[in-house]
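Chemist: give me a 3D structure for the following:
(4 chains, ligands or ions: 6)
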Amino acid sequence: MSKINRKAIQADVEVLSNKKVGAYHHMVFAVGDMALHARPGNFVAISVGGNNSSMILRRAFAIYRSSDRGQYGGTIELVVAPHGQGSKWLTGLQIHDQVNMVAPLGTSFGIPTEPVNALLIGGGYGSAPLFGLAEVLKERGCRVDMILGASTAGKIYAPLEGKRSVNSLTVTTEDGATGVKGRVTDVMSELIDKHNAEIVYSCGPMAMLSAVNEIARTHNLVHQCAVEESMACGIGVCMTCVLPVKDNDGVVKMLRSCIDGPVMDGERVIWNSSRKIPEGTWGS
Amino acid sequence: MSKINRKAIQADVEVLSNKKVGAYHHMVFAVGDMALHARPGNFVAISVGGNNSSMILRRAFAIYRSSDRGQYGGTIELVVAPHGQGSKWLTGLQIHDQVNMVAPLGTSFGIPTEPVNALLIGGGYGSAPLFGLAEVLKERGCRVDMILGASTAGKIYAPLEGKRSVNSLTVTTEDGATGVKGRVTDVMSELIDKHNAEIVYSCGPMAMLSAVNEIARTHNLVHQCAVEESMACGIGVCMTCVLPVKDNDGVVKMLRSCIDGPVMDGERVIWNSSRKIPEGTWGS
Amino acid sequence: MGIVMSQDFDFDMSSKFGQKTFLAPVFTASGCAGSGKELAQFFPLTELGAVITKSIALKPRSGRATPRMAETPSGMLNSIGLQGPGIDQFLQDDIPWLLANKANVIVSISGETVEEYASLARRLRLVPGISGIEVNISCPNVENRGLVFACDPVASKEVIDAVRRNIGGELPIIAKLSPDVTDIVSIAGEVISAGADGLALINTLLGMVIDIDTQKPKLAGKTGGLSGPAIRPVAVRAIYQVHAAFRNIPILGMGGVASGKDALEMIFAGASAVSIGTANFGNPTAAMKVKEELRTLLQARGFNSVREAVGVAHRE
Amino acid sequence: MGIVMSQDFDFDMSSKFGQKTFLAPVFTASGCAGSGKELAQFFPLTELGAVITKSIALKPRSGRATPRMAETPSGMLNSIGLQGPGIDQFLQDDIPWLLANKANVIVSISGETVEEYASLARRLRLVPGISGIEVNISCPNVENRGLVFACDPVASKEVIDAVRRNIGGELPIIAKLSPDVTDIVSIAGEVISAGADGLALINTLLGMVIDIDTQKPKLAGKTGGLSGPAIRPVAVRAIYQVHAAFRNIPILGMGGVASGKDALEMIFAGASAVSIGTANFGNPTAAMKVKEELRTLLQARGFNSVREAVGVAHRE
Ligand SMILES: Cc1cc2nc3c(=O)[nH]c(=O)nc-3n(C[C@H](O)[C@H](O)[C@H](O)COP(=O)(O)OP(=O)(O)OC[C@H]3O[C@@H](n4cnc5c(N)ncnc54)[C@H](O)[C@@H]3O)c2cc1C
Ligand SMILES: Cc1cc2nc3c(=O)[nH]c(=O)nc-3n(C[C@H](O)[C@H](O)[C@H](O)COP(=O)(O)OP(=O)(O)OC[C@H]3O[C@@H](n4cnc5c(N)ncnc54)[C@H](O)[C@@H]3O)c2cc1C
Ligand SMILES: Cc1cc2nc3c(=O)[nH]c(=O)nc-3n(C[C@H](O)[C@H](O)[C@H](O)COP(=O)(O)O)c2cc1C
Ligand SMILES: Cc1cc2nc3c(=O)[nH]c(=O)nc-3n(C[C@H](O)[C@H](O)[C@H](O)COP(=O)(O)O)c2cc1C
Ligand code: FES
Ligand code: FES
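Modeler: Ligands and ions are numbered 1, 2, ... in the order given. A predicted model of the protein is given here:
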């Protein structure tokens, strides 16, 4: 039942570029063949802290872009927020430094077989996987509108080349420093109506995904979201990253977000279930 | 009774230079006022592994040279063997990297008030503190002869400028790759006689110091040696670095080599006492 | 026969638990290798001594709520709460896949009562192809105020006794002990007297992390099991103590093994083989790294087999 | 009165053990601050809640042979073996210096029999100027096959009882417990019932490192005590469990505290103050760093005192 990403490869990869963009670092890695099978929504898992690290677990990052050709062969790009110990170490790396990477991991966004109107919603660095997704959707003839939200302007990641792949981009910030003052969900309904959205894609903090799901549900829209649970392994062997999800038969099970996700069907996720097992979950 | 080195300072210091010399790295640090009170025999204690290090203890290194003036202000120089995790990290540093250092620590070599003939004996990187000592002895009008030994040529640390401060230098290697084939103790008696040595100074592995002490004893010579015991703190608070030493009243006590040493009176040390407490030790 | 072939004809890396011989000295630790499939994309499972499956209960279990993990200095806490499909579905889905892929399999079981362990043993005696049973007794005993079996010598003995009586002759029983006890040697003595063929040392240590922002325990289950290199000295000590007391009982050493050096430490302390748990999370190929490094280290020291190296740290 | 002045008039960092108030919530852990003099060159000892002296025995002790230490991932092992000059010389040399330098002093004592603890207590009741006594019961009991006092509830109780009866009224007694037990809460209960005013949690965990080159235990004493950040989750768990059971007993938290964040975790778990042990080795000014960072973190969270923050992780 689980969808192991059989394309995953483990390798030492080289930092090609590391640039500060607002609150984030845009990082490019020379990854060789690892880039071949990366799809929008997949993630990478990186060892952090170097040889003598006291941090024993990998960190997961959504793939922002990947390319299997070019000057440096295959590349994978990430958008990293210097948050805690691990991400600060990563964003402190220099060009030519090496990191150990396992990728591509996890599920990818489902792509409609017909051209549809898609609304993409990202929170903070959650915008990262959406630009690659937008490109694929555009190639398939979809209309792509995007909402990006964050607490403040520096936390909106929306590079120029990314903007090119969307029909419209609406930005919200909680402090109103740029774009509409408020949250992505404040403008979501209006944009669904305006652009006749037929499918919603989202990536960002769990609370945002949950709110987006609620609105998608009231509009009867399919909602594909990339969830973010704490992951110890990223490859499906530890069972730390689970969340309750309804299966085809309506049974709620604790599924691994690294293997059955990160991209999941929003409708099936039992939201707001941190620190509790929802009633009726299989086996509880 | 213990001789706390009250000059010790803790500071972040910068790597000014890091050069491979044979099996070792010669490293220079910009240390400011820390250099002011460094004496031959003193050591530094350095945090290793960086911010996220799983290594929680400092590493001790004998001060090879120190200077309290010059282009970069005060400097301290070390000779570091890339041995295990900590020293490999250290020798892997780049110019401008910072490390946290506590120095100067420990006792220094006793300097005779009158000009005497001194024989300095170093094993491996144990030569490091002897060149600074040689300079001081020369300034005091002493004759200084030196024996350096190691398993092989690459492990003899004897830079040109160092050689200038001694009257003669004899090298021994166990594989005979350079100098006399054998150990420092194979040539020691002969050199004592030849140069009328009146005092022996030594630094190197404990087994060598013990053998040197035996010969110094048979020649009735004062022997000042810098011992090397595993140190957890380097500042006298942990009691891990002890070794059995006779005090003025002939009572054997477990003394801290970081505070009552590293330089000790060889005659007072109870040698070959690893893994056992010598009989008659105070309190046992 | 439960014997997997290995590529090395010149160097004997095998260990023996009960009647079964395992050709490689590196196993995966229970709960740290998924269903086997997930690691199989990184290396062939046939390279392992055995896959030790996630502890399985009689009934399906949803496990604990999230967050289930917290990273700690050189370690981590987990509180999975033995999530699993229950023995029926496990035997239907996981075991056939593992056997079809020629993996050696040791099934880890967990129960809430002595009778549950007995039932699990009865189910497993009928399963062809498995190579052993690991009895995880670090589980709360519902019949005794939730006191963990492994913390109580009497309860530990009862569980192994029940498993022994129900498993039949062939399958080796490995009792997995908790380090969270005053005297692990006496617990070991009890389970050996009840018929354990080998011991797995050690399970996780009980720990807690508090989130200074939420001001609450980070894990939903409040406490969790501490694993990883941080606990290795405790594991080595437990192995050394138990091997000193019971020289003839094979020990599967675990707790922070991430390199050949770590494995060798445990073997010198008295382990006959090692299990890789948390290290799989940081490095999917950790087991292969450990195996290769261990072979190199042993050969460099003149050993002709792993067996020769077991317990050498006890020599005077 | 055992009260040290501190520079902060706006923010109350004090804790109370028995009748004594300590103005700073950061202490040095026993055996990790030398005689006090060695740290005094890096910061004024008056900045500490108290210096807890190295556990002192009746007679001089040479301690264990070397090697006495081994570094481990995020931790270290030590086997000092309670080296020390014995109570007489200690009272003659160390105490006067500490008091002359206005340090608050808690004397840690260790014994091999209940009677030795009683004698030590009698010696200390006559010493003016000290602020408390920490009873290190992680010592082998020669009258009971060398079983460590702290591993036996009855022996633990007897020791505290003997100290209580001999120390007189004023001096607070802090019982220092070992985490190497099946049930630390029950041991805590015993020593509290015997009159302990506070608890020190935790002492080191028993561990071992084997040198893969010599093929022997690295420490001459074979096993040693594991300390440092590696054990912090075990310490936090112990503090949380004991505070849950005995809300009114102040706890001195220790085990891997190296930053204000670590200290805050322990305070939220239920500690009234923390002790810095191994962190002093890596950083001579660790105690001052912890103190400053802790103040900042508490203030940022709107607390007006350390006391308000004690045990908040227990709130539902
Ligand atoms: C599928 C997935 C995709 C992600 N994509 C990105 C991305 O594109 N850009 C980015 O900057 N970050 C991303 N993250 C978060 C990233 O993995 C790290 O968790 C984050 O960088 C914090 O790690 P740290 O070491 O700096 O913080 P620490 O606080 O030191 O981390 C301690 C532990 O907690 C976990 N943790 C902390 N915060 C989070 C969080 N928000 N979510 C999950 N686990 C957490 C860490 O992984 C680590 O195991 C993603 C996480 C997941 C699961
Ligand atoms: C007073 C003194 C002076 C020293 N001077 C020098 C010097 O000038 N140049 C130099 O290269 N090294 C010197 N050393 C040794 C140095 O401190 C380190 O021990 C050595 O670099 C190995 O550390 P590591 O982290 O690489 O090895 P690891 O094996 O990773 O070290 C693990 C632990 O063991 C201890 N340890 C390992 N080997 C030794 C050893 N030979 N002696 C003492 N402790 C050890 C380490 O300090 C550390 O705590 C000196 C040691 C002392 C005590
Ligand atoms: C996420 C996780 C899940 C675990 N699940 C189990 C389990 O189901 N049964 C069991 O006996 N041990 C379980 N363990 C304990 C490990 O098998 C092992 O004994 C312990 O983690 C120490 O080894 P390590 O440090 O190599 O991980 C689990 C450990 C972890 C980290
Ligand atoms: C080198 C060393 C010596 C110690 N000596 C003593 C001691 O004499 N008495 C005692 O009660 N605890 C002693 N301890 C234990 C510490 O006081 C402390 O409880 C333990 O190390 C955990 O804290 P930490 O991780 O901050 O070091 C010692 C610890 C170390 C590392
Ligand atoms: S992160 Fe380990 S199973 Fe998902
Ligand atoms: S190294 Fe700590 S007392 Fe000497």
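Chemist: tell me where the stretch 201-316 of chain C has strands.
Modeler: C:205-207, C:210-211, C:216-217, C:224-227, C:251-253, C:273-276 (DSSP state E, counting those that start in this stretch).
Chemist: for those strands, which one sits closest to B:Gly73?
Modeler: Of all the strands of the stretch 201-316 of chain C, strand C:210-211 sits nearest to B:Gly73, with 44.1 Å by CB to CB. Bear in mind the C-beta positions are built from the backbone N, C-alpha and C, glycine included.
Chemist: run the chain-centre distance for the closest one.
Modeler: In terms of CA atoms, centre = their mean, to the nearest Å, the centre of strand C:210-211 is set 29 Å apart from its chain centre.
Chemist: and that strand, what's its mean pLDDT?
Modeler: Strand C:210-211 comes out with an average pLDDT of 98.
Chemist: partner strands of that strand, with direction?
Modeler: strand C:216-217 (antiparallel) (DSSP bridges).
Chemist: what does the partner strand rub up against?
Modeler: By CB atoms under 8 Å, 6 or more residues apart in numbering or on different chains, the surrounding residues in contact with strand C:216-217 are C:208-211, C:223, D:240, D:313, D:315.
Chemist: would you turn the strands of the stretch 201-316 of chain C into JSON lines with mean neighbour count?
Modeler: Below are these laid out as JSON lines (neighbours: other CB atoms under 10 Å in any protein chain shown):
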{"stretch": "strand C:205-207", "mean neighbour count": "26"}
{"stretch": "strand C:210-211", "mean neighbour count": "22"}
{"stretch": "strand C:216-217", "mean neighbour count": "22"}
{"stretch": "strand C:224-227", "mean neighbour count": "29"}
{"stretch": "strand C:251-253", "mean neighbour count": "30"}
{"stretch": "strand C:273-276", "mean neighbour count": "30"}
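Chemist: picking up where we left off before, mind checking which of the contacts of strand C:216-217 are in helices?
Modeler: D:Tyr240 (DSSP state H).
Chemist: and the buried ones among the contacts of strand C:216-217, selectable in PyMOL?
Modeler: Entered in PyMOL, the line below selects the buried ones among these, by 16 or more other CB atoms under 10 Å in any protein chain shown:
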select buried, (chain C and resi 208+209+210+223) or (chain D and resi 240+313)
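Chemist: between the contacts of strand C:216-217, which is nearest chain B?
Modeler: Lowest distance from chain B to the contacts of strand C:216-217 (CB to the nearest CB) belongs to C:Val209, with 16.8 Å.
Chemist: next, residue 185: phi, psi?
Modeler: All of this refers to chain A. phi -70, psi -20 (degrees, to the nearest 10).
Chemist: try chain C instead
Modeler: Torsion angles, degrees, to the nearest 10, at C:Val185: phi -70, psi -40.
Chemist: in terms of contact, does A:Gly50 touch B:Met55 like I think?
Modeler: No: between A:Gly50 and B:Met55 there is no contact under CB atoms under 8 Å: 11.5 Å.
Chemist: more neighbours: those two, which one.
Modeler: B:Met55 (22 against 19; other CB atoms under 10 Å in any protein chain shown).
Chemist: helices along the stretch 1-150 of chain C, start to end?
Modeler: In the stretch 1-150 of chain C, the helices defined using DSSP state H, counting those that start in this stretch lie at C:37-40, C:87-100, C:114-125.
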